[in-house]
Structure formats: structure tokens, C-alpha cells
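1. Need coordinates for the below:
(one chain, ligands or ions: 3)
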Amino acid sequence: MLRQLVYCSSAQSNITAEKLERITEDSLPFNHQNNITGILLFDGDYFFQVIEGESDTILWLFDHLHNDDRHTNIVKIADMAIKERDFGHWHLRTIYLDPSDDCYWLPPDLMIRRDSRVFGLLNGFATGRWRSGLSGVDPKVTNTHIVTCEQTLVAQANFDYQFAFQPIVDSKRQVISSYEALLRDNTNRYPDQILNAMPPTERYEFDLESKALAIAQGAQLLTAEQSLSVNLSPGALVHHPDVACTLLSQLQRHNMKPHQLILEITESELIEENDSFFSAIEKIRSTGIKVAMDDFGAGYAGLSLLADFLPDKIKIDRSITSGIHTNGPRQAILSAVLEFSNSMGIPLIVEGVELLDEWLWLQNTGIQKFQGFLFAKPKLNGVHAINFEVSKLSKTHAHLTPF
Ligand code: C2E
Ligand code: MN
Ligand code: MN
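-> Ligands and ions are numbered 1, 2, ... in the order given. The predicted structure follows:
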């Protein structure tokens with residue numbers, strides 16, 4: 001089976017047009033022998049390469065390319081089976097896009113259809129896309145230093161459920177902006193197992209009632225500038241005639257302001273959105289309580305729901321952020337969602353950030369708020385300490401929170 005793979009990478013600083021020619025000459029015999037074809041664009045800072053050939057050979061070559069110290073920050077942009085090659089007559093065609101040229105240039109003998117994906121990709125690179133790789137120390141990474149203490153709350157012995165809290169970090173302001181309360185029970189079951197074990201009506205009652213404990217405990221963690229996020233299923237939201245009133249009185253009991261509570265609604269559960277869902281949201285909003293769209297990008301509800309719902313916050317699911325620093329399609333999606341949320345004035349929170357490189361890419365792209373094990377895991381009846389330090393001089397100075 002034939003495969004075509006496209007990647008972009010940051011070049012080592014000393015690569016000149018002459019060196020590029022040598023790279024091409026060095027690669028040609030190998031490509032010839034293994035029937036690899038393709039094209040390499042270089043603009044002085046970045047490589048953009050298409051490689052084609054037998055599937056196993058291409059996968060081996062891509063793996064091997066990671067050991068080549070002439071480039072770093074390799075981002076895989078496309079990788080798929082193809083019927084026929086786009087660059088069948090070139091074992092390696094190299095094009096130097098002169099950065100001092102105002103107009104970009106792709107040679108007319110490229111012989112690829114202008115409406116093909118591969119032309120779109122090459123054209124995209126030639127016109128400035130895909131230059132978000134992080135070359136060594138990124139200039140936009142200013143010193144980031146977030147150190148907070150562990151907090152422990154009194155466990156509620158008379159309840160058969162509990163909450164674990166996880167901080168959401170604003171790494172630009174270098175503070176914890178909010179905490180998310182995550183449901184647990186005394187036998188260490190996770191939220192899905194706890195909730196799915198109940199019949200729907202009981203589940204909806206329980207979901208709302210349990211928020212009294214989340215709010216009581218959350219109130220002990222918060223400063224006046226911080227918020228508390230709680231998850232509530234859309235079913236629970238529409239099942240109760242007055243969710244807003246119940247939550248308001250719980251907030252008042254603990255001296256919390258309505259705007260300090262964020263209801264996270266899971267996108268995948270919103271498939272059956274209807275008028276009663278939207279009117280429940282209206283009621284909630286009229287009290288000042290905020291609503292967030294949770295797990296955006298993971299579920300079934302799509303962009304039209306986003307347009308109708310216009311949440312106060314969008315939380316991007318871990319399935320989008322995981323490995324984002326090496327994944328071109330996810331980078332493109334995240335940038336598009338960020339563009340939307342900036343246009344609409346809706347803050348984005350990314351979930352599930354585990355790696356420093358993921359955080360570097362995300363914050364470089366303009367994300368400000370993060371939740372994930374990189375900063376702190378959820379802690380039962382409390383919050384873990386954060387000890388996160390990235391200095392401009394070296395990203396290896398990051399100290400991760402010990403658990
Ligand atoms: P969620 O609201 O998206 O919560 C974040 C989940 O991601 C949590 O899982 C958290 O432990 C996990 N997480 C956070 N950072 C990372 C990371 O860096 N890597 C990885 N691998 N995971 C990370 P958890 O606690 O198992 O909760 C699962 C889901 O259950 C929640 O997802 C939420 O949708 C739901 N849930 C939690 N509490 C409640 C509740 O009180 N009511 C309802 N209806 N649903 C709840
Ligand atoms: Mn959530
Ligand atoms: Mn989520």
C-alpha cells in the first residue's frame with residue numbers, strides 16, 4: 001500500500017541554501033533505492049516535506065527523521081494511504097522559498113492539480129502557515145512561576161459521595177483562576193460509574209443535590225477572585241423546575257457570589273438539546289451564574305450548538321490537546337476554535353494538559369487557561385500544591401508537582 005506523509009519542522013539555525021542542496025544530494029540515493037518520492041520546501045527557518053512510498057518505508061523514514069539533528073519540533077500534518085503518487089517523478093524535489101522575497105513562488109512544473117489537498121498544503125506553507133513550531137527557547141515564553149500550597153478539607157463522613165478538586169490555572173496571570181469539583185464515592189468509583197448506576201430520575205436528583213457539598217467545600221478553597229466549576233448533566237438541568245433557585249440559595253449559605261459558580265455542561269450529552277434546555281440556561285444566566293461548554297471537540301454536538309448556546313466559557317477536550325505539539329490537524333482545529341472564541345469574547349480553557357511541550361505550544365498560540373496533570377491532579381477533599389516554574393533560559397527548568 002502506498003502512503004503519503006506531510007510534516008513541518010523547525011530547521012537548525014545554521015542551514016543555508018547550500019546546505020539544503022547537500023541535504024538533497026545526500027537523500028537522493030536512499031530515496032531512489034527505496035522508491036521514495038516527494039518534495040521539500042525550506043524558507044530559512046522551517047522545513048515542509050511531503051514523502052511518498054510504500055507504507056512501511058514511509059513510517060520507518062518518518063521515525064528515522066526524528067533522529068536527524070538538522071531539525072526539531074516535528075509536526076505531522078497529514079498521513080494517509082494514497083492510490084497514486086503526487087510527485088512520482090521526483091525522488092526529492094527541493095525548493096528554497098527565499099524569505100526576502102515578497103512574493104512566494106511554487107514552480108509551474110509542479111504538475112499537481114490546484115484543487116488537490118497537497119497543493120493546498122504546499123500553498124499554505126508558502127503563504128505563511130505552519131510556522132508555529134517552537135524553536136528551542138521560544139521568545140514568547142516569559143518566566144512563568146506558579147507555586148501554590150496544598151489545601152485539605154475535612155472529609156464528610158456522613159456522605160457516601162465526595163468531591164475531588166482540580167485547579168484551573170491562568171498561566172499568563174500566574175494564578176489559579178478556578179477549581180473544578182469532580183464527583184467521587186467512597187469506593188473510588190469514577191463519576192460515570194456512580195451516575196450510570198442510578199436510574200435517570202434518581203440520577204438527576206442526585207446530580208443537583210450533590211452540588212450542595214461541592215459548593216460547601218469549594219467555598220472553603222476560594223478567594224474572592226476565584227470561581228468554582230461544577231458539572232451538571234443537561235438532564236438534571238431540565239428535570240428540576242428551579243435549578244437556578246436551588247443553586248443560588250446554596251451559594252448564599254456559603255457567602256459565594258453567583259458569578260463565582262460555573263456550571264459545566266457536557267457537550268456529548270447535549271445531543272437532545274431542546275427548548276427546555278435553552279430556557280433552563282436562560283434562567284441560570286439571569287441569576288449571574290455562569291455556564292461553560294465542557295468537553296468541546298469530543299462529543300456529538302457540533303458548531304451549531306456552540307453558535308446557539310454561546311457559553312461563558314469553552315473547555316476543549318483532552319482528545320484535542322493530547323500530543324498537540326506534534327499533531328498538525330489538532331493544531332489547526334485548536335487555532336480555529338481560538339479564533340472563534342476570541343471573536344465571540346469567550347475564554348477558552350484547555351483540559352488534560354500533561355506535557356510541558358503541550359503547554360508550550362498552547363500558550364504560544366494564545367491559550368491562557370489550563371487544566372491538567374501538568375499543574376495538578378484532582379485531590380479528594382482538597383487541592384494539591386502546584387510547583388510550576390518555566391524560565392525563559394531553559395524549558396528544562398520546569399518542576400512538576402509531585403503527587
Ligand atoms: P470533565 O468535566 O471533563 O473533568 C475532567 C476529567 O479529566 C476528570 O476526570 C479529571 O480527573 C480528568 N483530567 C484532568 N486533567 C487530566 C489530565 O491531565 N490527564 C488526564 N488523563 N485526565 C485529566 P473524572 O474525575 O474521571 O471525571 C470524568 C467526567 O465525569 C468529568 O469530565 C465530568 O464530565 C463527569 N463528572 C464529574 N463530576 C460530575 C458531577 O458531579 N456531575 C456530572 N453530571 N458529571 C460529573
Ligand atoms: Mn467538567
Ligand atoms: Mn471536560
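2. Could you give the bridge partners of the residue of the stretch 1-150 of the chain found nearest ligand 2?
-> Going by CB to the ion, ligand 2 is nearest to Thr148 of the stretch 1-150 of the chain, at 20.4 Å. Backbone N, C-alpha and C define where each C-beta goes, glycine included. Beta bridges link Thr148 to Ile386, judged by DSSP bridges.
3. Then the one 4 residues further on?
-> The residues listed as beta-bridge partners of Thr152 by DSSP bridges are Gly382.
4. Same check on Lys290?
-> Ile262.
5. Burial check on the residue of the stretch 1-150 of the chain closest to ligand 2, number of neighbours?
-> 18 (other CB atoms under 10 Å).
6. Quick check: it touching Ile386?
-> Yes: if you go by CB atoms under 8 Å, Thr148 and Ile386 touch, sitting 4.5 Å apart.
7. and for the two, which residues touch both?
-> Residues touching both Thr148 and Ile386 by CB atoms under 8 Å, 6 or more residues apart in numbering: 167, 176.
8. List, one by one, the residues from the stretch 151-300 of the chain near ligand 3.
-> Proximity of the stretch 151-300 of the chain to ligand 3 (CB under 5 Å from the ion) is limited to residues 294-295.
9. Can you list the residue ranges for strands in the stretch 151-300 of the chain?
-> Secondary structure of the stretch 151-300 of the chain, counting by DSSP state E, counting those that start in this stretch: strands at 151-152, 161-170, 175-185, 227-231, 261-266, 290-296.
10. Now those strands in TSV, please, with extra columns for mean neighbour count and mean pLDDT.
-> TSV is the format used below for the strands of the stretch 151-300 of the chain (neighbours: other CB atoms under 10 Å; pLDDT from 0 to 100):
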stretch	mean neighbour count	mean pLDDT
strand 151-152	13	96
strand 161-170	23	97
strand 175-185	21	97
strand 227-231	23	98
strand 261-266	24	94
strand 290-296	24	95
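11. so can I have JSON lines of the ones you listed showing distance to ligand 1?
-> As requested, the strands of the stretch 151-300 of the chain are exported to JSON lines (distance: least, CB to the nearest ligand atom, whole Å):
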{"stretch": "strand 151-152", "distance to ligand 1": "17"}
{"stretch": "strand 161-170", "distance to ligand 1": "6"}
{"stretch": "strand 175-185", "distance to ligand 1": "4"}
{"stretch": "strand 227-231", "distance to ligand 1": "4"}
{"stretch": "strand 261-266", "distance to ligand 1": "5"}
{"stretch": "strand 290-296", "distance to ligand 1": "5"}
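12. could you dump the ones you listed to TSV with distance to Val75?
-> Output for the strands of the stretch 151-300 of the chain, formatted as TSV (distance: least, CB to CB, whole Å):
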stretch	distance to Val75
strand 151-152	38
strand 161-170	25
strand 175-185	29
strand 227-231	31
strand 261-266	30
strand 290-296	22
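13. mind putting those strands in JSON lines, distance to ligand 2 included?
-> JSON lines is the format used below for the strands of the stretch 151-300 of the chain (distance: least, CB to the ion, whole Å):
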{"stretch": "strand 151-152", "distance to ligand 2": "20"}
{"stretch": "strand 161-170", "distance to ligand 2": "9"}
{"stretch": "strand 175-185", "distance to ligand 2": "6"}
{"stretch": "strand 227-231", "distance to ligand 2": "5"}
{"stretch": "strand 261-266", "distance to ligand 2": "4"}
{"stretch": "strand 290-296", "distance to ligand 2": "4"}
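14. Confirm for me that Glu354 is in contact with Ser322.
-> Yes: counting by CB under 8 Å, Ser322 is a contact partner of Glu354 at 7.3 Å.
15. low-scoring pLDDT stretches of the stretch 51-200 of the chain, where are they?
-> 102-105, 133-142 (pLDDT under 70).
16. how about the helices of it, start to end?
-> 55-65, 117-126, 191-196, 200-221 (DSSP state H, counting those that start in this stretch).
17. Can you check which of those helices gets nearest to Asn342?
-> Nearest to Asn342 among the helices of the stretch 51-200 of the chain is helix 117-126; the distance by CB to CB comes to 20.9 Å.
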